[in-house]
Each structure stands twice: as C-alpha cells, then as structure tokens.
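> return atomic coordinates for the entry below.
(chains A and B)
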Number of protein chains: 2
Amino acid sequence: MSVEPVLIAGAWRAAHATTKFRAVNPLNGESGPDEYPVSARADVDAALAAGAAAADALLDVPAVTRAEFLDALAERIEARADEIASTAHEETALAYEPRLRNVELPRTAGQLRQAAAAVRDGSWVMATIDTKAGIRSRFGPLGGAVAVFGPNNFPLAFNGVSGGDFAAAIAAGNPVIAKAHTSHPATSRLLAEEAFEAVRAVGLPDATVQMLYRTAHADGEYLVSHPLVGATGYTGARSTGLVLKAAADWAGKPIYLELSSINPVFILPGALRERAADIAAEYVTSVLMGAGQFCTNPGVVVLVAGRATDAFVADVKQRFVDTAPGPLLNEGVATKLAESVAALRAGGVEVLTGGRRVDGGGCRFENTLLRASGSAFLENPEGLQREAFGNAGLVVVASDAEEAVAVSRVFEGNLTGSVYSHRGGDDDALYARIARHVRRRVGRLINDKMPTGVAVSAAMNHGGPFPATGHPGFTAVGIPASIRRFAMLECYDGVRDARLPPELRDANPGGKLWRSIDGEWSRADVVR
Amino acid sequence: MSVEPVLIAGAWRAAHATTKFRAVNPLNGESGPDEYPVSARADVDAALAAGAAAADALLDVPAVTRAEFLDALAERIEARADEIASTAHEETALAYEPRLRNVELPRTAGQLRQAAAAVRDGSWVMATIDTKAGIRSRFGPLGGAVAVFGPNNFPLAFNGVSGGDFAAAIAAGNPVIAKAHTSHPATSRLLAEEAFEAVRAVGLPDATVQMLYRTAHADGEYLVSHPLVGATGYTGARSTGLVLKAAADWAGKPIYLELSSINPVFILPGALRERAADIAAEYVTSVLMGAGQFCTNPGVVVLVAGRATDAFVADVKQRFVDTAPGPLLNEGVATKLAESVAALRAGGVEVLTGGRRVDGGGCRFENTLLRASGSAFLENPEGLQREAFGNAGLVVVASDAEEAVAVSRVFEGNLTGSVYSHRGGDDDALYARIARHVRRRVGRLINDKMPTGVAVSAAMNHGGPFPATGHPGFTAVGIPASIRRFAMLECYDGVRDARLPPELRDANPGGKLWRSIDGEWSRADVVR
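Numbers count the residues shown, from 1 in each chain, chains lettered A, B, ... in the order given. So this is what the prediction gives:
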C-alpha cells in the first residue's frame, strides 16, 4: 500500500517523506491499514511558499467568499458525519455516540458557521474611526499562512484543518498550514479532503488550506519561525509547546498556545454543608468524563478539613470505584498518566483508589483519586501541580480556611478556576478572599460549576496566564475575540476613502457593521 | 555630594548601588552635579515585592482613584513645567521651546488626562456579556507591577514614570516600576517626585509608582522575567530590546517593544510631477526635525529614476546643506550614527552630502543625505535597512516602477509607511501595487504625509510587525487600545452579580459605559 499524499499548494501529492507511520486503534492496539508520511523540510518549504502566495491572493478575494467557505465546510462535514465520527472513534477511542457524532462534530460545524457569520458581519475587525484626525484602523490579515497544530483530545473541534484555530485564522483572512495530530491521521485526512473541496467550490486560492501529517521536531520549529509564516496556533502538551514558543518568539512570530491546565476547584465549607452529594456527583462526572482527557478537566479540588470533607472524599472515592474507567486516547497518554501518578506519589500524595494500568481492553487506567494535605501542597506547589492528564483527580485538604487561602495563592496560570460557595451567603467572606487570588491566575473564573464544557461564546475566555497559554490577553474559543489573534492592527492615516478597506470607508458596508466612530459605537455611516 | 535616592516601596531611599553615574549635558559635554546609583539586584527584588503588594492592594481601590491620580499628575507636571522642560533640555539638548515646553510636555499631560478619561469611562475593558450562557468578560489588571523602560528621545512623553506606557499601565490598574533612561536621570527624578506626590495625594498604594535609575543588564533581564512582574513596556534600541524580549518570552511574561524603524516613504512619479518642491520641503522638515531623532523619522525615501527625481534629490541635498544640523541626544547617538553611515557606505550607498561629525558645539553630525539604486537595495536589503538614528536619510532610486514595487516587498516590519501619489489619480495603479506590500509591513499606512507626528488617537497604531515591535496587534500610542496591552482577559462564568466587577454587573455603572451585550454594543443595563 502506498503512503498517503499530503495537501500542498493546491494538490494532494506525494510527500517528500523521511519515514512513515500508521495510526493505532487504542481499543485493540492494532495498526490501521494506511501509511502516512513524515514530511521532510522540502514539504514545509513548499507549503510556506504556497501559503505566502495564497495570503497575497486572499487580499483580492471579498470577505464573503471566506464566509461561504466556512459555511460550505460545515455542511460538508455534516454530510460526511458518520464516516468522520467513526474514523475518529477508531483512532481515538472516544465514544462514537454521543461524544463524537452528536457533540463534537456538531460543535465543529457550529464553530465554522459562527466564524462565517463573524466574517459576514465584519464587526470583529474593530473598525475605529477618528474623523477629526483623519485616522482609521481595523484588524486585518497577517500576510502569511497560519500554522495550526491540533491536539490529540479533540480530533474534530480543535483539529488543525477544521477546528477553532483553523476557523479563526481563515476568518481573519489567512491561509492555514495544518499539522495533523499523529494519533488521528485518517480523521484529519477526511477533514482536509472536505476543506480542500470547499476551497475549490467557493473559489478561494487553492493553497488556502494545506496539510502535513507529521514532521521532525526541528522542522516544526522551522515552520513556526519562518519569515513566511504569519503566526501559529498550538494546542497540546506543554513540553512541545514551549519548544515551538521559543522558536517562534526568537523570530518575532506570534504564537498562541493552549497548554496543560489543572483547573483548581475550591469547594467552600458552606457549599459542602448545603449540597455535598450534588457536588460530588458533578465532580465525578466532570473529572471522569471522556476519561478525563479535557483541557478543562478539574485536576485539583481544594477543601477545608472536617467531617463533611471526609464524607465527601469517601463519597467521591466510592463513585470512582463504581465507575468503569474509560479508554484513553493512546498508549502515550496511559504511559504519561502512570508517570504523573508516580511522580505525585513520590511527592507525598496518597492514592485513595486506583493508580494502576488496567490490563486488556485497550489503553485504560484505573479511575484514580489522590489526596494531599494543604501543607504538603504548599511545601511543594510545583511538584503537586503536575498535570495527570486522564481519569485522575487530586483532592487537597487544607487544615483550615486560612490554609485554603494560602493554597489559592500558589497556583500557576490555569485555564479555569471554580469556587463552590453557599447559596445563602455563608461562604461570602471566604469566597472573596479566595476568588481574588484565583481570579488573577485563571482565564475563566467559575461559580458553582465544574470547568468542563466550554461554551462558544463571545464572552468566553478559553485562555489564561502562562503557562496555561503564552499570553493572558487572548482566548482560543469565542468569536470574535479568537479571530483577532490571527490579525494585525492596520492603521490608515490620511488614506483616501476609495483606498480604504470596506469596513473603514465612510459608508457602513451593509449598514450592520459595528464601528467605533469618535469614541461611540455605531452602525451609522461616517458623516464628514 | 551624596548619591541620589531611588523610589522604592513608598519611599525615596538610598539605593543598594553597585556603582554610580552622572548625566552629561550634550551641548557642552559637562557632567551634571548629581550622582545617580546603578542599583544592585536587591533594589530590583525590593521593587518587585512592593509592586506585587501594590498590585494586590489596587484591586481594592476604586477605578476613579486611578483617574484622579492621572489627572493630578498631569496638573503637577504642568505646574512644574518650566523646571522639567529646562532640566530635560540640559540633559537631552532637545529645544526648550517649542519642543519640550510647548509640545512634548503638553502632550505628556494630555496623554495622562486621556488615560484618566478612559479609566472614568471604563469602555476600554471591552465588557462583553452573553446573557444566555451566563458568561461575561472584560480586561482587568495583570496582578503584578509593569516594568517600563523609557527611551532617550522622548524624555517626557515616553518617560517610564510619566509617558504613554506608564499611563496605560496605571490606567489598566497596575503599579509601575519605571527604569529611568540613563541620559536624563534628573528629568526622570522630577517626574517621579510629582508622580509619588500624586500617589499620596489621591491615596493610591504607596508603591504604585517606583523608579530605579539604572541596573546591570542582567538585572534588567531578571526584572522582566521575574514571577512577580506583570508585563514590560520597552521603547529603545533594538539590540537591548531583543535581549529583554528573550528573557521575558522565556518566562512567559508579556513584553511590548517599540524598536527601531526606518519608515519608508514612497514618492510616486505623478506626485513628484505635481508638487516636488512641497514634498521636498516636507521631507527635509520631517527627516531633520529634532536632528532626526524620532521613532517615525522617514529614514528611507523610494523614488523612480528620471529627471524629476534627479531634480528632487538635488533640491533635497541643497536643503540639507542649508540647514544647520541640530544637536544629538548624547555621544552614544553620535557614535552610532557615524557607525551606521559607515556601514551603509560599505554596503555601496553614496554620500551626497554630510557624513561626518561636526567639531565643537556638542554632539552634532552633518545633515547626511545618502543615495542607493533600487538594485543595490534589492541585492542587500538587510544591510541597507540599517537604521541611521539621527539627521540622516537614504534615498533609494528605483530604475522603474517595477523595481519600486520590488523594493516595496523587501521591507521588514516598520512603524509606518507613506505613499505620496498624484492628486488627480495618475498614480493610482502604481499606488495599489505598492500599498498592498507596504500595508502588510507597517503599522500605519500614510497617504501624502510624512510619518513624523503621532496623534494620540483611538485609531492610531504606533506599532507594527516585528522587528518594529514584538507583536503586530498592539499599539503603544492611542487610548484605549494601548491600555489593553497591560491587561488580562477575565472571564466570569456563572458568577453572581454582586461578585462581578462593576463593568460586568447588570446595571451599567454610570450609564455611560459601552458594552457588547449579546453581540450589540450598548450603554443600556442588562435586562434578564
């Protein structure tokens, strides 16, 4: 069987391959039938050159064509939904239904359509007009392709060729060079096929969408730091992400990272008194769902010592025991999870239940509940904040409220932080003390809810301070803000009206665009 | 005479000094009377700790107090304007009048007042409310002090303790650790005195404003990469800026840079035919003003070969000869300018006039006009884009329009790019071809004007792609956008109304705040 082709410069063509690989079905350990190439640098160079040419060509394409593309891709993904979801299931062991077919695939299509709507509306460009000074600005495309590296845990909604970063980069007017995740190449191929067909159907430049399956690490660094790249979006492991960040930073190329996060959850005494069983159920659902393989998985729960806490922990432990462990994405996840649990144990964490690989039936690990004292956490905050990606959770029991506040001050940057508090106000004083510290350390501060479930909302921040991401001001989810990551600020000073981009001309294009005119948001034309 | 104290943790106190320095009056080469400390790491550590405590304390201070501070500082600077401007004149040789006293100082006060108005208004936080999902977001402070490094060429308007980055960082709710520029310590001391008095007068935390005069380079890197720093703003030389960027990037700390820029100006044939003398006059004023020591100095002019261009160059040359060279900021500027001119000559650039130090009368350099062919520029684009900071300008003469277009494609990132074109439309086709390439390489695209003069406008972009800055999406000038650099995106998910920051509560605070509610910009309350 021949090696699968890559999508470069408007054609599916044979890769310059240094070697090849196969996908592995995590449920039975069997390799798939197809071989995929590990591209040599020549493929990266070809994609960069074609991407730069496409970026230039896109300047002449009306924005509405990008919207048509995004809508067309959503429709094509839906039309091929069964095949895409079943392929993703074979490659990731994530449930065909409801997860992939009924949740993640519709979410993927929905994100693409939201991005299309944002392109049609145009308000994402933040058109700003100073009529007195004759100066106007908006966000516009970067002038080079955006490299998108998708993660292992969302084969559709964060895939480099169909996911959130992809949609945002295209919406901003950039071509995309997608790097498929090695653990789901066939899924990525199906999505890229649909994306490329959609490109052709609506008439975008052929190289608007390109895809490589894999490169050497050095070629990944080469890609994100190349003069012809516009920017990079990366979702995945911290170690790889930081290597790419260093390469991109050195070259002055924007890179947006979504790295590991342990998403602390504080359960205050009043809330526990009020609704311990409900919170335990919510927590167990959230931490074990999808075998815990979510960026926003609640990795650490902080409680204040006492009988109610002991009972809560016992309840959670029983639920862990009673729940069948779900399959992990691949051998690598199982290996790393075992390593993390071992490292946490070495750091003084107690294993309440679980802690071992499950034999047979694919890559599975026992549902693992860990416990540490607040003082142990405070003594070794770096070590005990190690992410255990998968179906494991750490409970930190602070000796008293004061120690819980101290714990809230040592978290590094996370995507989310949750605080459960008493509905009647009994926890308000402690809430205020803890929330102020959590607030500065997370992108999304949550009340009375678990962090899993990331709404695609304009108000969402799926981001947060380093090392959860590379910059505290950007979100990977939520339109229009996610689009502006892949844009530059374009200022026009004394530029004649006909030479301005449509959003900045006197006449409001379509009459629906929100613009800031002399400090007032408006949909009106500019009157001079 | 004792060494001047530094402003740390709410007191003017003796520095932990490794050594000391004096300011030099560039007009007579004489050292000033006062000695300033080069702070040891202990001072940096003390400032960082106090800054972090102040950042925390600022969370409890109403936003209006920051506005009162910014207004009070503007007033105090105006009240001491003569002394501040004359001190700055002695330290920089910039003209007392009109430059310092009548232009830069009022601009400085104006920026502070604009920042105050933005704080009072609150719209800079981009409050975004999704009533259906129960998710709300805004920009908020970083949780650590912002380090601000001011440049040599704007001792007031970009000073670390009074300038644009300072005002933006404070407006966003952060304390500032200012690093005074070594060439104007007394000016910085006066400004810091007023800032500290204003801090006390309005009741901000004492360490909201701190200032060090100088540190070892390694301690600068330590400062910008420290866990307790919130972010950094740096304006100055590229070499130092890139060292600080590497340190900050490694630690995942945001850093905003404004580095060198040569600000290409294209003068198209029709414009030259139409108004050559006017453009020559504008150019000479812009390139020699303040001895050319502006970030937006027009360092390179591109023309198409022909008789009109020869006449234009001859006219400009005569104007260079006829204009007395202005004083440079210090010996270092003069030395670097000589080095840059020598390097450009070695790269094949012809010196039409100037090129030498002027003996006596402070640090002066002959007004220097350089010329290169388009082909020479295209053969060595990196070498010929070397910035010659000061009163020097390079004219690139392209053999034809095609070569001018080719030149427009090789510029690296710049703050500005200007295109002069025929008023009647004769240049429109060439404008379109050149402007599309210039557009992607600059922050501000200008028509029919020189780049000097940076309006403090909401639509301004005083920024641009690397290496003019570190990120193409941010501006150093222009409120409210410059404020958001020093902020994090705060998302609130299911958070009770009374726990939200005022901008995100149902009731619009003051009724004047612009918020995006379910996709519509509005000043209304949220109705649920």
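> got the CA coordinates for stretch A:290-300 in PDB?
C-alpha atoms of stretch A:290-300 as PDB (Å, rounded to 0.1, in the frame of the first residue of the first chain):
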ATOM      1  CA  GLY A 290     -14.000  11.200  28.400                       C
ATOM      2  CA  ALA A 291     -11.500   9.500  30.800                       C
ATOM      3  CA  GLY A 292     -10.700  13.000  32.000                       C
ATOM      4  CA  GLN A 293      -9.000  14.000  28.700                       C
ATOM      5  CA  PHE A 294     -10.200  17.600  28.600                       C
ATOM      6  CA  CYS A 295      -8.100  20.800  28.800                       C
ATOM      7  CA  THR A 296     -10.600  22.000  31.500                       C
ATOM      8  CA  ASN A 297     -10.600  18.700  33.500                       C
ATOM      9  CA  PRO A 298     -10.900  19.600  37.200                       C
ATOM     10  CA  GLY A 299      -7.400  18.200  38.200                       C
ATOM     11  CA  VAL A 300      -7.300  19.600  41.700                       C
END
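> any bit of that stretch sitting next to chain B?
No: Stretch A:290-300 does not reach chain B (CB under 8 Å from any CB of the partner chain); its nearest approach is 10.6 Å. C-beta: built from backbone N, CA, C; applies to glycine.
> and if you look at stretch A:221-229?
No: counting by CB under 8 Å from any CB, no contacts exist between stretch A:221-229 and chain B, the nearest distance being 9.0 Å.
> can you spell out the domain ranges of chain A, please?
A:6-259+A:475-483, A:265-447 (automatic domain parsing).
> tell me the gap between the last one and the middle of its chain.
I take that to be domain A:265-447. Taking CA atoms, centre = their mean, to the nearest Å, one finds domain A:265-447 lying 21 Å from the centre of the chain it belongs to.
> between the two ends of it, what distance do you get?
10 Å (CA to CA, to the nearest Å).
> OK, now which residue of the stretch 201-350 of chain A is nearest to chain B?
Here the stretch 201-350 of chain A gets closest to chain B at one residue, A:Gly252, 2.9 Å apart by CB to the nearest CB.
> same question, the stretch 301-450 of chain A
Per CB to the nearest CB, A:Arg440 is where the stretch 301-450 of chain A lies closest to chain B, at 3.6 Å.
> which residues are in contact with that residue?
Counting by CB atoms under 8 Å, 6 or more residues apart in numbering or on different chains, A:Arg440 touches A:Pro465, B:Leu142, B:Gly143, B:Met488.
> if we can go back for a sec, just say which of the domains of chain A is most tucked in.
Most buried of the domains of chain A, by mean neighbour count (mean count of other CB atoms under 10 Å in any protein chain shown): domain A:6-259+A:475-483, with a mean of 22.
> what average pLDDT does that one get?
Averaging pLDDT along domain A:6-259+A:475-483 yields 97.
> same thing with stretch A:314-332?
96.
> surely the residue of the stretch 201-350 of chain A closest to chain B touches B:Pro472?
No: in this structure A:Gly252 lies outside contact range of B:Pro472 using CB atoms under 8 Å: 9.3 Å.
> hey, what's in contact with both of the two?
Residues touching both A:Gly252 and B:Pro472 (CB under 8 Å, 6+ apart) are B:Gly413, B:Pro465, B:Phe466.
> what's the helix or strand for A:Thr108?
For A:Thr108, the enclosing helix or strand under DSSP states H and E is helix A:105-121.
> immediately after that helix, which helix or strand?
As assigned by DSSP H and E, the chain's next helix or strand after helix A:105-121 is strand A:128-130.
> now for that following strand, which elements pack on it?
Contacts defined by 3 or more CB pairs under 8 Å, 6 or more residues apart in numbering or on different chains; DSSP states H and E place strand A:128-130 against strand A:135-140, strand A:515-517.
> which positions in the stretch 101-250 of chain A make contact with chain B?
With CB under 8 Å from any CB as the criterion, the stretch 101-250 of chain A meets chain B at residues A:128-130, A:133, A:135-137, A:139-140, A:142-143, A:245-246, A:249-250.
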